[in-house]
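S.K.: Predicted structure and sequence below. I'll ask about it afterward.
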Amino acid sequence: MSDHLTRVLAPSVNLRAVACITTNTVAEACRRHQPAPTAAVALGRALTAGVLLGALLKGRQRLALKFEGSGPLKKIVVQADAHGGVHGYVAHPDVDLPLRHGRFDVAGALGAGVLTVSKDLLLKTPYQGVVHLVSGEIGEDVAYYLTESEQVPSAVGVTTIPDARGGVMVAGGFLIQSLPPANADAVDAVLQRIQTLPPLGRIFHDEPSAQGLLERIFHGMDLEVLETAPVAFRCSCSEQRILQALSTLGRDELLRLAADEEPTSIRCDFCGEEYRFSAHQLRELVRQLPQPPQPESGTPTSRGGHRHR
């Protein structure tokens, strides 16, 4: 089954939930960034968390997750929209640590640090929340952010399992939240139910269905399915956007680059796409920039040198 997300309500316990399958999405990110196994698992979990949080947005709203830690990964950045689109990167994709108790040591790779969540809700000022990483395992950190910063009792589980060929066997996750009035006990009760289930990776491997996972989590409860939507790796970069970014370098720097006559290469951090611009394109960009203001007629101008008192 292709990557997708499903949103549901569980009215009897006043909870809402999202689950998603992100196997192909994470595989595409890994194809582009070529991360080592530990870095791949960290990136996959973060991308999945981005999809889950993005499912709570509306319209053209967007969000960004930035995990910054003292470990060798240093930083993971993910951006997501309200329509299942997500992209991201790890600062050091070559990081690979020995297994810890049979599991990928994402916490050791990320280390102590902070999670910053930025949301563009199409208001005058973007929303931003910052919390300390409580485990470095991604899912627990996102749940802590939602519970502490947004004051919404939440549970989050994310998984990414690489295959033996450097690809991705399975990836996905879930997000459960209390609806107002906040009911942490209901979230805890569902978490206890989740503890009795097989590991997430095994569930998704046997049945790659977001709705199937939610039905197992809320076994015996009535669920109202709100939406099932596709999920995909999508980056908003383009040649035009890169040119706009280059224009901020200013005339002098652009002319210096053009003087080399060699193509200027710019690589998008989020998707790894490389854009190459010829010297001619850079000079044309300079011609399109506003002309610098000219001194008014009759106004003295400096000719260099030093003035002594």
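M.R.: Great, that's in hand. A quick note: this is a predicted structure, and the numbers were derived from the prediction, not measured.

S.K.: Helices along this structure, start to end?
M.R.: For the chain, the helices defined by DSSP state H cover 23-33, 37-54, 106-110, 139-148, 184-195, 200-206, 210-217, 239-247, 251-259, 279-288.

S.K.: any chance of those in CSV, plus mean neighbour count?
M.R.: (Each C-beta comes from the backbone N, C-alpha and C, glycine too.) CSV is the format used below for the helices of the chain (neighbours: other Cβ atoms under 10 Å):
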stretch, mean neighbour count
helix 23-33, 22
helix 37-54, 28
helix 106-110, 24
helix 139-148, 22
helix 184-195, 14
helix 200-206, 17
helix 210-217, 21
helix 239-247, 14
helix 251-259, 15
helix 279-288, 15
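
S.K.: do you know which of these lies nearest residue 78?
M.R.: Closest to residue 78 of the helices of the chain, according to Cβ to Cβ: helix 37-54, at 4.0 Å.

S.K.: I'd like the mean pLDDT over that closest one, please.
M.R.: Per-region confidence: helix 37-54 scores 98 on mean pLDDT.

S.K.: Check what pLDDT residue 191 gets.
M.R.: For residue 191, pLDDT reads 87.

S.K.: quick one, what contacts it?
M.R.: Listed by Cβ atoms under 8 Å, 6 or more residues apart in numbering, the contact partners of residue 191 are 155, 176.

S.K.: quick one, which of the helices of the chain is nearest to residue 79?
M.R.: helix 37-54 (7.0 Å).

S.K.: Give me the distance between the closest one and the centre of its chain.
M.R.: Remark: helix 37-54 is offset 7 Å from the chain centroid, using Cα atoms, centre = their mean, to the nearest Å.

S.K.: quick one, it and helix 139-148 angle?
M.R.: Relative orientation of helix 37-54 and helix 139-148, computed by axes from the mean of the first three to the mean of the last three Cα atoms, to 10 degrees: 30 degrees.

S.K.: and of the helices of the chain, who's closest to residue 68?
M.R.: Closest to residue 68 of these, according to Cβ to Cβ: helix 106-110, at 8.6 Å.

S.K.: Please name the residues that touch the residue lying closest to residue 205 once chain neighbours are set aside.
M.R.: Leaving aside its sequence neighbours, residue 205 sits nearest to residue 170 (Cβ to Cβ, 6 or more residues apart in numbering; 5.0 Å). Residues in contact with residue 170, defined by Cβ under 8 Å, 6+ apart, are 23, 159, 160, 161, 201, 204, 205, 208.

S.K.: Ok, residue 148 next?
M.R.: Taking Cβ under 8 Å, 6+ apart, we find residue 148 in contact with residue 131.

S.K.: Test for you: state the pLDDT assigned to it.
M.R.: Predicted confidence (pLDDT) for residue 148: 96.

S.K.: Same question for residue 269.
M.R.: Value listed for residue 269 in the pLDDT field: 93.

S.K.: same check, this time on residue 167
M.R.: pLDDT, residue 167: 89.

S.K.: Excluding chain neighbours, give the residue nearest to it in space.
M.R.: Nearest non-adjacent residue to residue 167, counting by Cβ to Cβ, 6+ apart: residue 27, 5.7 Å away.
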